[in-house]
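Engineer: Could you look at this predicted model? Sequence included:
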Amino acid sequence: MEKKLYEPRSGKSWRDPFPMYANLRNSNPAHFVEDGSYWVFSRFEDVFNAARSPDTFSSRHGLTIEQNTDYLDLGDAAPIVFLDPPEHTQFRRLISKGFTPRKANEMTQDISSFVHCAIDRIKDMENCDIISELFKPLPSFVVSKYLGVPESDRKIFDTWTERIVAGAVQNENNTGLDAIGELTNYFTEMIEWRKKNPEDDLISQLLEMGEEKVSIMWILGLAFTMITGGNDTTTGLLGGSAVLLTDNQEQRKLLLKDLQLLPGAIEELLRMTSPVQCLSRVLVKDFELHGEKLTSGSRVLLGYASANRDEREFGENSEQLNVQRKINRMLSFGSGAHFCLGASIARLQSSIALKEILTNFPNFHADESSSSYATGNYVRRHTFLAFHPSG
């Protein structure tokens, strides 16, 4: 049987999807998948332009290739990722103050303390699962801080977020259903408490605007967006980065010699890992690309990870890690109206965590051969990654 040009990845098949992407870019950049009835865009310019054209490529029917119109019935509870302008613009303007680089930087001390505690534990181990020790709990901690979850509730909060993320990435609606109900009840009670006892957290800031501007359902929708969008993606970036820095020792040496290269290296690691490998849109008007005619109503899968390795944008060495690469554009956080609100906090977490790992474990080894990946067709992240601190 002839191998398909594009097949959705999940679990162990996430280990190396990149040759498939290269084949798509070079042989069929506007590819129609017949057994799923959707198109795949794989070149940078095509994905970049589509992501920035919500008037043609709509998010209102969900971001997966499955035909699903449930999002249209959510009303005020619809997460921001399922909105198009002008509704999306209005919602984003209301909440954007909570996601500025300055706001992210205010969490530097909290994040550093969390990472230091994890690093101190790892120092006493010959080897560990770096995902469970640091890369998974760190983003969950940050999301809980943003939302004002008290420290005493963070353990149960972590279990809810784990179940919700698992259900979302596996496209299994029942997996996290109970957790969603429990978390909804929790935040409903928290909102009532914060009305009377505001603090310096995102929920308190939104409540301060008044329900005529920000409804309670909007706040609940935002909480779920942060849980599903802020947890597994950062885990994917950190796990993938540890593997890349193990496989590219010369690049690691450059960082160890000059840690001031780290901010630029984070951008390159974002490009190479692309935790959100792809998301879909629905065409709301006819469209033509590379001689193919796409009709209104068609689903289009935007291949962010493929685009981020396109040699047309990043040069002949686009598939190779280069921590000194100058990057003008990339798609790891999307682009245009739906550019990720959490980009600044994701960069901050990753910068702190990787700096501490490089400083404390300069000879570390991340064993990709025994690793495992999460199921689901859209986010590439490790669920287990053996880490040897001393190499």
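Structural biologist: Received, thanks.

Engineer: Okay, the residue nearest the centre of the chain and S344: tell me how far apart.
Structural biologist: Centre of the chain computed as the mean C-alpha position; nearest residue by C-alpha atoms, centre = their mean is T233, 3.0 Å away. In this structure, T233 and S344 are 14 Å apart, going by C-beta to C-beta, to the nearest Å. In short, each C-beta sits where N, CA and C put it, glycine included.

Engineer: rewinding a little: and the helix or strand containing the residue nearest to the centre of the chain, what does it pack against?
Structural biologist: Following DSSP states H and E, one finds T233 within helix 232-247. Contacts of helix 232-247 with other secondary structure elements, assessed using 3 or more C-beta pairs under 8 Å, 6 or more residues apart in numbering; DSSP states H and E, are made with helix 137-147, helix 249-257, helix 262-273, helix 343-360, strand 365-373, strand 382-388.

Engineer: Can you flag the weakest of these by average pLDDT?
Structural biologist: Confidence, taken as mean pLDDT, is least for helix 137-147 of those (a mean of 91).

Engineer: what's the angle between it and helix 232-247?
Structural biologist: Angular relation of helix 137-147 and helix 232-247 on a 0 to 180 degree scale: 150 degrees, by axes from the mean of the first three to the mean of the last three C-alpha atoms, to 10 degrees.

Engineer: what's the offset of helix 137-147 from the middle of its chain?
Structural biologist: Between the mean C-alpha point of helix 137-147 and the mean C-alpha point of its chain there is a distance of 14 Å (C-alpha atoms, centre = their mean, to the nearest Å).

Engineer: show me the contacts for I111.
Structural biologist: I111 makes contacts with L138, F141, V142, L348, Q349, I352, as judged by C-beta atoms under 8 Å, 6 or more residues apart in numbering.

Engineer: repeat that for 6 Å
Structural biologist: Q349, I352 (C-beta atoms under 6 Å, 6 or more residues apart in numbering).

Engineer: what's the answer for E292, then?
Structural biologist: For E292, the contacting residues are A30, taking C-beta under 6 Å, 6+ apart as the criterion.

Engineer: Could you do S372 as well?
Structural biologist: When contacts are taken as C-beta under 6 Å, 6+ apart, S372 is in contact with T383, F384.

Engineer: so what's it bridging to?
Structural biologist: Under DSSP bridges, the beta-bridge partners of S372 are F384.

Engineer: ok, back up a step: can you tell me what sits against the helix holding T233?
Structural biologist: Contacts to helix 232-247, defined as C-beta under 6 Å, 6+ apart, come from residues 131, 135-136, 139, 165, 252, 269, 272-273, 275-276, 321, 346, 349-350, 353, 365-366, 368, 379-382, 385.

Engineer: pLDDT of that helix, averaged?
Structural biologist: Taken as a whole, helix 232-247 has an average pLDDT of 96.

Engineer: Tell me how far the residue lying closest to W14 once chain neighbours are set aside lies from I130.
Structural biologist: Sequence neighbours aside, Y373 is the residue nearest to W14 in space, at 4.1 Å (criterion: C-beta to C-beta, 6 or more residues apart in numbering). Using C-beta to C-beta, one obtains 14 Å as the distance from Y373 to I130.

Engineer: hmm, back to that, now distance to R93 too, for the helices and strands packed on helix 232-247, in CSV please.
Structural biologist: Output for the helices and strands packed on helix 232-247, formatted as CSV (distance: least, C-beta to C-beta, whole Å):
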stretch, distance to R93
helix 137-147, 18
helix 249-257, 38
helix 262-273, 26
helix 343-360, 17
strand 365-373, 37
strand 382-388, 36
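
Engineer: T228 is nearest to which of those?
Structural biologist: T228 lies closest, by C-beta to C-beta, to one member of the helices and strands packed on helix 232-247: helix 137-147, at 9.9 Å.

Engineer: List the buried residues of the closest one.
Structural biologist: Applying a neighbour-count criterion of 16 or more other C-beta atoms under 10 Å, one finds P137, L138, P139, S140, F141, V142, V143, S144, K145, Y146, L147 buried in helix 137-147.

Engineer: Output those residues in a markdown table; the columns should cover distance to S58.
Structural biologist: A markdown table is the format used below for the buried residues of helix 137-147 (distance: C-beta to C-beta, whole Å):
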| residue | distance to S58 |
| --- | --- |
| P137 | 36 |
| L138 | 34 |
| P139 | 29 |
| S140 | 31 |
| F141 | 34 |
| V142 | 30 |
| V143 | 27 |
| S144 | 32 |
| K145 | 33 |
| Y146 | 28 |
| L147 | 28 |
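
Engineer: for those residues, which one is nearest E211?
Structural biologist: Taking C-beta to C-beta as the measure, E211 sits nearest to L147 out of these, at 18.2 Å.

Engineer: Now do the helix or strand encompassing I191 against helix 137-147, angle only.
Structural biologist: Counting by DSSP H and E, the secondary-structure element that holds I191 is helix 177-196. Counting by the same axes, to 10 degrees, helix 177-196 points 40 degrees away from the direction of helix 137-147.
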